[in-house]
Every structure is written in structure tokens, then in C-alpha cells.
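> What follows is a predicted structure for the sequence shown.
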Amino acid sequence: MNSTTPLAIGEQQHVRFAEGLGLDCGVTLAPVDIAYRTYGTLSEKRDNAILICHAFTGDQYVAEEHPLTGKPGWWSRMVGPGKPIDTNRFFVICSNVLGGCMGSTGPRSTRTDGEGDGVELWGTAFPPITIRDMVRAQHKLVQALGIEKLFAVIGGSMGGMQVLEWTVTYPQMMLAAMPIATAPFHSAQNIAFNEVGRQAIIADPDWRGGRYWADDVVPARGLAVARMMGHITYLSEEALTRKFGRRMRRGPVGGQGPEGPVSMFSDIFEVESYLRYQGSTFVRRFDANSYLTITRAMDWFDIAADHDGELTHAFAGTPVRFCVVSFSSDWLFPTSAARTLVRALNRAAANVSFVEIETDKGHDAFLLEEPDFDRTVRGFLCGVAEHAGLA
Amino acid sequence: MRLDQRLIAEMIAPGTRVLDIGSGDGTLIDHLFRYRGCDARGIELNMELVTKSVAHGLPVVHGDADHDLAHYPHHAFDYVVLQRTLQAVARPREVLRQMLRIGRHAIVSFPNFGHWELRLKLLLSGRMPMTSVWHTPWYETPNIHPCTIRDFLELCKQDGYIVEQWMAVDEEGERAPWRRSIRLANLFGEQALFLLRRRNG
């Protein structure tokens, strides 16, 4: 086993929908597995369920150790007993997105023939999916869990897109929505970054036209480059400067120690070392074809386009209470995008709160220590409970 | 809650929709939700106060009177409130117009520049008056559009707003006894409080 061998994901807690799911592209995908985790206890009235939507490369392991990487859950500082999303009070659900690679049906799943027998993996034959398809799959899961109305749907980045899609597709099935560090459509700049990531993967000879799995290889270099670039967009210049500055790490290759002459490639800046590490760990847990499928779904995301090009129409008469959060140094999903969303919600006379958190941590801030953000999440949920008479 | 906020709350019918522009720490909208069953929301410019309000469970958006009112639909609220801020906005007449476009009623309070102390200080010293209400020097004050009670009434007349209620209050928000005469209120009232409505509807 070398350092790029994918980690075996094993059996994940999931629900299977044998009848499948009709997708936006017209194809019916069947069967569909949705892998998920839950935390806390569903109340007798089934009125305390919060659905958390994960970001692009996240998964269902929100608040517990990840079974593959051994790292803490990606939002364990936000979700848990006594945390802002308090699992002593709420029943928290998080599922791996459709098209993902942590147990939900995606390009790495086995494709079945007419008789239901496994043929081979989907790979690039996996149908194109949209954010709305992901949300439809979550909706089936929520119903399968016997929940008629969610207390809230919460998510950041691509998770925030799913939150917004929930509010326009199933507005009657939720009390509140928290779209965080997100936008009502993917901007040209966002699409451009995604395209560079995809091209890096496709240009890797090990991608093999998307059939790398048949030859038991992975396009590790391409996938790592895509991840490295992604990471730059998740941080701000200030955060990079603060974390790494221009510090260097002298390489062993020249073999001349700290006093020796600098060589072109063996001595690297710490920021390079960080990105290489991020790239190399990523390829072991993420599938390249999933990367292509999900980034495409994000690119197609445009709430207004499905409503005569008018964002306000999408939210007309919405009963949902919104809390929109942006971060001041996030340039991937900037505050201006959040403001566009908030203004459209105002035009629709929706009940909306909007907070911009002051931070230098960039897009990643929603995953990091931000006390104002924690207070906002906790307070908003309390307010919703109080207004709904659940407090 | 400040006394003038209490007076504002008393002007608002229970169970109505209210937008408070410059909602501060959210005291008024919290009161309106809790004790008068209103659907009360806020707009606030100071992000710290916005975060504080939202963390308190109140629906508040970051924004300001000059830029964000245009994005609200017609008749979305029963009352639109602007407390002690009219004199500090860039275009008070436009803000007032927007308030009465969005809401059936507008509730406006502002410090009265016609107060006797201001008049006297300007007359005697020949310099910009400084009082407990107007306490910032001219080069730093955010109050770029001061007006008197009579000035405000004149604008309402010009723009066709109906004054349903008005009162003069002192700095602590206590209601001042100058109800009969506008001229006396304009001379002795430190703050003015108006309840307006659109001519049609």
C-alpha cells in the first residue's frame, strides 16, 4: 500500500431507496443509498430535528471521530452536548451527499444491471446531479426517519447551497434555515476555480478517461493539485501570512544543512509544505470522479434561474425564518453575495437575520473558532424555538 | 427600556408587523414580540449590536436606513420605526418616503433643534450650541440634518403625510406637557415623537 491508496470506507450506516430517485437530468438513479449519522434523541413530537448539510469535501461525520482519518468530526466544535447546536436538545442528522464517496451513491458505487446484479462502478457514467438532487435525497432520508417537519436546516459553503435549495423546494417542511458562507448562485469566479481543479484531475495520466478504478490506480497528482488550489481559496491572504508568512523549510535533498546554498526545489516555503500535506491526505479519502460530479453540481447552482431569473420569486411567501451569516475575509463566498441574498429575502418580506462575522480567517472561518458566530447560531436557534412555542 | 421607547411601544397596536430601523441592541423589538405579540424585526448598522441581537434570538439584519429600505416591498409592515436617527441620515426626506412606502404608519423621533437652550446659546455666544442632547462639536457630529418640530411638520405637509399623533418629550423620554401649542413644544421639547400615516390607506 502506498501513500495514495484510497482508504477502504467499509460499511456505512445507510438507508437504501430501491425505487431510486428521479434526477434533474431526467435519469432515474436506482437504487440510491444515503449514508448518514445522527446525534441526540428525536423528541416524541418529532419536532427537534436539525439537518446539517456538509460542504463540498465534508461528510456525515459531523460530531464524532472520523472512522477513516481518525480526526475529530468536522463540526464537533459546533455540534454536541452543550454546544451551540446542542444535541441534548436537538436531534441532529447529517448525510453524505448524493454523488459523494462516504457511503452514499456516487461515482464510486457499484452500478447494477436490470436484474439488480452489480456490474461495475459508475465512474464517469454516473449521471450529472444538481444541488436539488442532493436535497431530494436528503428529503427522502428525513421522511424515512419519520420526520414531517425539520426544526432547522443548517450548512456552510456548498452545505449553505443545499440549505437554500431546501427553503425553495420544501419550505413547508422546515421552521428555520441557516445558510452560512454561501451564495444564491455559483459565481463565474467560483466556476473558474472549480474548472482548474477538474482540469488538473483530467490531465493526470492516471485518471485514464475516468476509469482509473479499473486499473487500480488513482489520479493522485491531479486530485492533490485540485485540493491544493481549493485550499488557497478557503483561506484569506491575512490568514496565510499569519500562519506561514515567508518562512522556509530547508530540504534534505541538497544535503548541505542550514548553512548550505539554497536549492530551487528542495527548500520550500512552509505554505507549500502545508498545501502538499493537504493534497496528499485528501487523495486517500476522496474519489476523483466524485470531485468532478460534485463541483459540477455546484457550478449549476443558481436559485434565481429556476424562478424566472428573479431571486425574490423563489422566496415569495416563504414561512421559513432565515439567518444568513457571512465572514468579512471570505472572498470565495463574499459578504456581497450574502447581501444579495438578504436583499432578495427582504423584497419577499421574509423573516431574516443577517450577520457578518469580523474575522481574518477567510472562507474556512465557519469551521473554526469564532465566538461571535457560535453565539449567533445558539441565539438564533433559541429564538426560533421561542417563536415556535417550543422553548 | 428608555421612556420614549415605551411611548413608541404604546403607539403600536398588538399583533402587528413592525420594522425598527436602527434597532440598537433590540430592546424595542424584543419588547414588542414578548409583550405585544408583534412580528417585530430590526435593521442595525453597528455589527456588534446586530450580532448581539441575533444571538438574543431577534430577527435583525445588518444594514442602514439610507441604503436598505429600498429593498423592502410596499406595505410589508404596519409600522416602521426610526428612533433618534432622522437627523443623522444622508437623505431624511427619502428615508421618510421609504418608511411610508413600506409601512402603513411611520413612527419617527428626533432631537428638536428648536429647543430654547439651543436658540439662546447660538444667540448669545454666536457659536454652534452644545447641550446635553447636542453634545458633539460641529466637525464630528453625525447629526448632519438637524430640524425643529415646526420644520418637520412643514415637511409632512409638503409630502402629504397625516400626523396621527405627536408629542414632545424631554431627554429622559418623559412626556413634556406642551401638547396644545406646537410653538411651545418647539421651544421646550428636547425630543419630538411623531406617528404618521399615508394619506391613502
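On my side now, so go ahead.
> Confirm for me that B:Val60 is in contact with B:Asn46.
No - the pair B:Val60 / B:Asn46 is not scored as a contact, 10.5 Å apart, by C-beta atoms under 8 Å. For every residue, glycine as well, the C-beta is placed using N, CA and C.
> now A:Glu120, what's its secondary structure?
Secondary structure state of A:Glu120, per DSSP: H, G, I helix; E, B strand; the rest coil, is strand.
> Tell me what it is bridged to.
A:Arg111 (DSSP bridges).
> Test my guess that it contacts A:Arg111.
Yes - assessed by C-beta under 8 Å, A:Glu120 is found in contact with A:Arg111 at 6.1 Å.
> Strands of the stretch 201-350 of chain A, residue ranges please.
A:248-249, A:268-269, A:321-327 (DSSP state E, counting those that start in this stretch).
> So which of these has the densest surroundings on average?
strand A:321-327 (a mean of 27; mean count of other C-beta atoms under 10 Å in any protein chain shown).
> by contact count, what packs against that strand?
strand A:174-180, helix A:335-347, strand A:351-357, helix A:371-387 (3 or more C-beta pairs under 8 Å, 6 or more residues apart in numbering or on different chains; DSSP states H and E).
> Run me through the strand neighbours of it, direction for each.
Assessed with DSSP bridges, strand A:321-327 is paired to strand A:174-180 (parallel), strand A:351-357 (parallel).
> Is A:Trp193 located within a helix, as I assumed?
One thing to correct before we go on: residue A:193 is Phe, not Trp. Yes - counting by three-state DSSP, A:Phe193 falls inside a helix.
> gap between it and chain B?
27 Å (C-beta to the nearest C-beta, to the nearest Å).
> on that earlier part again, for the strands paired with strand A:321-327, give me CSV that also has distance to A:Tyr234 and mean neighbour count.
Formatted as CSV, the strands paired with strand A:321-327 follow (distance: least, C-beta to C-beta, whole Å; neighbours: other C-beta atoms under 10 Å in any protein chain shown):
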stretch, distance to A:Tyr234, mean neighbour count
strand A:174-180, 14, 26
strand A:351-357, 16, 24
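> For the stretch 201-350 of chain A, what lies in contact range of chain B?
A:321, A:323, A:342-343, A:346-349 (C-beta under 8 Å from any C-beta of the partner chain).
> Top of those residues by number of neighbours, please.
Counting neighbours by other C-beta atoms under 10 Å in any protein chain shown, the top entry in those is A:Cys323, with 28 neighbours.
> dump the residue contacts of the residue lying closest to A:Arg198 once chain neighbours are set aside.
Computed as C-beta to C-beta, 6 or more residues apart in numbering or on different chains, the closest residue to A:Arg198 that is not its neighbour in sequence is A:Leu292, at 5.5 Å. By C-beta atoms under 8 Å, 6 or more residues apart in numbering or on different chains, the contact set of A:Leu292 is A:107, A:124, A:198, A:201-202, A:210.
> out of those, who's nearest B:Val80?
Nearest to B:Val80 out of the contacts of A:Leu292 is A:Arg198 (C-beta to C-beta; 48.5 Å).
> any idea which element the closest one lies in?
Per DSSP states H and E: A:Arg198 is located in helix A:188-203.
> likewise A:Gln162?
helix A:158-169.
> quick one: that helix to strand A:321-327, angle?
Angle, helix A:158-169 to strand A:321-327, by axes from the mean of the first three to the mean of the last three C-alpha atoms, to 10 degrees: 160 degrees.
> Can you point out the buried residues in helix A:158-169?
Under the neighbour-count criterion of 16 or more other C-beta atoms under 10 Å in any protein chain shown, helix A:158-169 has A:158-169 buried.
> swap in stretch A:37-50?
A:37-40, A:42, A:47-50.
> could the strands of the stretch 201-350 of chain A be laid out in a markdown table, adding distance to A:Met228 and mean pLDDT?
A markdown table is the format used below for those (distance: least, C-beta to C-beta, whole Å; pLDDT from 0 to 100):
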| stretch | distance to A:Met228 | mean pLDDT |
| --- | --- | --- |
| strand A:248-249 | 16 | 86 |
| strand A:268-269 | 13 | 88 |
| strand A:321-327 | 22 | 98 |
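> rewinding a little: mind checking which of the contacts of A:Leu292 are buried?
A:107, A:198, A:201-202, A:210.
> Closest to A:Pro67 out of the residues you listed?
A:Pro107 (20.8 Å).
> what about the closest one, distance to A:Val135?
19 Å (C-beta to C-beta, to the nearest Å).
> how about low-confidence regions in chain B?
Applying pLDDT under 70 to chain B flags the ranges B:171, B:173-178, B:201.
> Tell me, how many residues neighbour residue 128?
Picking chain A for this. Neighbours around A:Pro128, by other C-beta under 10 Å: 15.
> you looked at the wrong chain, it should be chain B
Neighbours of B:Met128 (other C-beta under 10 Å): 14.
> What are the buried residues along stretch A:57-77?
Buried residues in stretch A:57-77 (16+ other C-beta under 10 Å): A:57-63, A:66, A:68, A:73-77.
> same question but for stretch B:38-56, I mixed them up
Per 16+ other C-beta under 10 Å, stretch B:38-56 contains these buried residues: B:38-45, B:49-56.
> Let's see which of these end up in strands.
Those of the buried residues of stretch B:38-56 mapping onto strands are B:39-44, per DSSP state E.
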